[in-house]
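Undergrad: got a predicted structure plus its sequence, pasted below:
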Amino acid sequence: MTHFAATDALTTLYNFILQWFLPQQCESLRMVAKIIPPRMRDIENNLLFKSASLEDAAGEIERFDEGFSPETEDGKSYLRLQRGALQDITQQRAFRNLMAQRERSAVEIIQRYLDDITVLHETFDVILGSKMEALQEELRRPAPQNRIGFDALQMKSVSGEGVLPKTLGDYLKALRIQYTSIIKIIKLELLVHQEESVTHSVQTIKAKG
């Protein structure tokens, strides 16, 4: 993935989706949605709609990254402006404007899918905290045979690592912990991105002064 200020957060999100969510969790969450009582329709919808949204995340990130590739028209424009900025100081503003627009697009992608992950995290809390005996009985079912990773290293490693919950309730608890980790990591990386952007702006103002 092409490096720019928001690359770390975008890469973390991409790895989570590709290594954990798509191969293991999206189908399991659809299964969980089936046990939700009719009176909790909004919870069922959160599981289905947010999972469906996250299934599109990897493809959108890949299409974004293709915008830097010499094999695409957007990539050719990017490389042409990059070369021009290196050779002609008058073209540097156009290149900076392009990069600023790409940065904004990257942050928008990250924030949108981070919101989906956050809603799912909150949904797990509601399900686990429900007092409905029928639902709690369903949560005592055997869990999907999916391992769950918790720390930053496991977020970026192969999905074969992590713990293997026994019941469906334990599975949701493990997902809640994992989602807490991924949310914190991405928010921290976005914060670093924002601080780098502010520092760059200050340096630019000083240089003009």
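TA: Received the coordinates, thanks.
Undergrad: contacts and neighbour counts: CA atoms only from here.
TA: OK.
Undergrad: return the residues in contact with the residue nearest the centre of the chain.
TA: Centroid-nearest residue in the chain: L13, 3.2 Å away (criterion: C-alpha atoms, centre = their mean). Counting by C-alpha atoms under 8 Å, 6 or more residues apart in numbering, L13 touches 110, 182, 186.
Undergrad: could you dump those residues to TSV with distance to A6?
TA: TSV is the format used below for the contacts of L13 (distance: C-alpha to C-alpha, whole Å):
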residue	distance to A6
I110	9
I182	16
I186	10
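Undergrad: ok, so of the residues you listed, who is nearest M31?
TA: Nearest to M31 out of those is I182 (C-alpha to C-alpha; 22.4 Å).
Undergrad: what is the neighbour count of the closest one?
TA: 23 (other C-alpha atoms under 10 Å).
Undergrad: residue ranges of the helices in this structure, please?
TA: Under the criterion DSSP state H, the chain contains helices at 7-16, 26-34, 41-55, 57-66, 73-87, 92-129, 133-138, 152-155, 168-208.
Undergrad: excluding sequence neighbours, find me the nearest residue to Q25.
TA: N146 (7.8 Å; C-alpha to C-alpha, 6 or more residues apart in numbering).
Undergrad: who touches that neighbour in this structure?
TA: Counted by C-alpha under 8 Å, 6+ apart, N146 has contacts 24-25, 164-165.
Undergrad: output the below-cut-off pLDDT ranges for this protein.
TA: 1-5, 149-162, 193-209 (pLDDT under 70).
Undergrad: coming back round to it: which one of the contacts of L13 is nearest V126?
TA: I182 (19.3 Å).
Undergrad: now the closest one: how far from L135?
TA: 27 Å (C-alpha to C-alpha, to the nearest Å).
Undergrad: can you check E44 too?
TA: From E44 over to L135 (counting by C-alpha to C-alpha), the distance is 12 Å.
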